[in-house]
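> coords please:
(one chain, ligands or ions: 1)
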Amino acid sequence: MKKIVDVAAGVITRADGSFLLGQRAPGTFYPGYWEFPGGKVEPGETPAAALVRELDEELGIRAHTLYPWLMREHHYEHAHVRLHFFEVAAWSGEVNDHVHSALAWQCADALAVGPMLPANGPILKALCLPRRMGITHAGEIGVEAQLAALDAALAAGLRLVQVREPVLSAPARESFAAAVVRRAHAAGALVVVNGDVALAQCCGADGVHLPAHQLTALTQRPALPWVGASCHGRDELLRAAELGLDYALLGAVRPTPTHPGRSGLGWEGFARLAAALPMPVLALGGLGDADMAAARAAGAHGIAGIRGMWQLSASAPCRTPSCADGA
Ligand SMILES: Nc1nc2c([nH]c(=O)n2[C@@H]2O[C@H](COP(=O)(O)OP(=O)(O)OP(=O)(O)O)[C@@H](O)[C@H]2O)c(=O)[nH]1
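Okay, here's the model as predicted:
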């Protein structure tokens, strides 16, 4: 068996949402392939410290804010690597590369360079997942009020919607889901439907969101472009990872009216459970836009909410910005 090599890699982001890729130089494994800057973790070093060192050595920049993000393992013919990905959210200095053949600022949904290192495909997909998910509750506030809130949130930049309507009748749920998909797609947003693969397919949604009991019962990933699941503990998160799901929701961070009597995980509990997973995890439970920085520091990809996500301010950077936005 090959030894596991720990590698730290950074998604160095700019305000416009683009991130830096480097092309591997001749004479290395996979020359000409593109990667996120980073390198091997040295003995006694944490992955975060290794990344700070590598970014200084390779690019001449100082990383100030690192958010832990994903961990993926990959078997290459030359090594079995364990990649610790961080988002480098704040950094200073001029990029002055010492190791790559070329550098390029790219956006996940409009990649103009390639090929990427084989381990990095899922990383790019994860970067396409918006950072905020609004979960509908038309059964509680009424269909018209929910659609109006959806329109306002889409206008303010929301780009990921989960249709979750346990109390609407089946025909009402179908027409509501179709209306959400129409509006969301017109705004370039993704829609997942809670618990119903057939409804997701027939209303043209982008995917399905599995409640925990469905996740536990599943033996294979449903055949839709986006599949996520609600998780409440490490076992469920590991199950979601094993099935190759694209994201998980983990909560509740704070107590919520949806699960009365259940105490919240808090950010420490969240960070412990969400650490070192191969897919992005959105934090859920009594959260609003003001919680984004705390969520990212705890390793969350972003935040999701039933009540707190429909009042986004138009100035909030509500989506993973993309080059298509003119940046
Ligand atoms: N930096 C970086 N490495 C990655 C990424 N994806 C990925 O599979 N890797 C793998 O992780 C390892 C990175 O190690 P490295 O950059 O320190 O070392 P290297 O193999 O280029 O050779 P070296 O030890 O002579 O510097 C390589 O096996 C590389 O293929 C990525 O996005 N960024």
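> For the rest of this, base every contact and every neighbour count on C-alpha atoms.
OK.
> Return the set of buried residues in stretch 179-196.
For stretch 179-196, the neighbour count (16 or more other C-alpha atoms under 10 Å) marks 180-185, 189-196 as buried.
> list the contacts for Leu150?
By C-alpha atoms under 8 Å, 6 or more residues apart in numbering, the residues touching Leu150 are Val180, Trp310.
> Can you tell me the SS state at it?
helix (DSSP: H, G, I helix; E, B strand; the rest coil).
> For the ligand, see how far away it is.
Note on Leu150: its distance to the ligand, by C-alpha to the nearest ligand atom, to the nearest Å, is 36 Å.
> Check which helices and strands the helix or strand hosting Ala49 is in contact with.
Assigned by DSSP states H and E, Ala49 belongs to helix 47-54. For helix 47-54, the packing partners by 3 or more C-alpha pairs under 8 Å, 6 or more residues apart in numbering; DSSP states H and E come out as strand 4-12, strand 38-40, strand 62-75.
> quick one, which of these is nearest to Ala271?
With C-alpha to C-alpha as the criterion, Ala271 lies closest to strand 62-75 of the helices and strands packed on helix 47-54, at 9.4 Å.
> Strand partners (parallel or antiparallel) of that closest one?
strand 80-92 (antiparallel) (DSSP bridges).
> Mind listing what's buried along the helix or strand just after the strand it pairs with?
For strand 80-92, the succeeding helix or strand toward the C-terminus, using DSSP H and E, is strand 102-106. By neighbour count on 16+ other C-alpha under 10 Å, the buried set for strand 102-106 is Leu103, Trp105, Gln106.
> again with stretch 269-286
In stretch 269-286, counting by 16+ other C-alpha under 10 Å, buried: 270-271, 273-286.
> Out of those, which is nearest to the ligand?
Of all those, the ligand sits closest to Pro278, with 13.1 Å by C-alpha to the nearest ligand atom.
> Next, work out how far apart that closest one and Val41 are.
For Pro278, the distance to Val41 equals 18 Å [C-alpha to C-alpha, to the nearest Å].
> do Arg272 as well
Separation of Arg272 from Val41 (C-alpha to C-alpha): 21 Å.
> hmm, back to that, report the two of the buried residues of stretch 269-286 separated the most.
For the buried residues of stretch 269-286, the farthest-apart pair by C-alpha to C-alpha is Pro278 and Gly286; their separation is 25.1 Å.
> List the residues that contact the nearest residue in space to Met309 that is not next to it in sequence.
The shortest distance from Met309 to any non-neighbouring residue, by C-alpha to C-alpha, 6 or more residues apart in numbering, is to Gly134 (5.2 Å). Contact analysis of Gly134 by C-alpha under 8 Å, 6+ apart lists Leu158, Leu160, Val161, Gln162, Ala304, Gly305, Ile306, Met309, Trp310.
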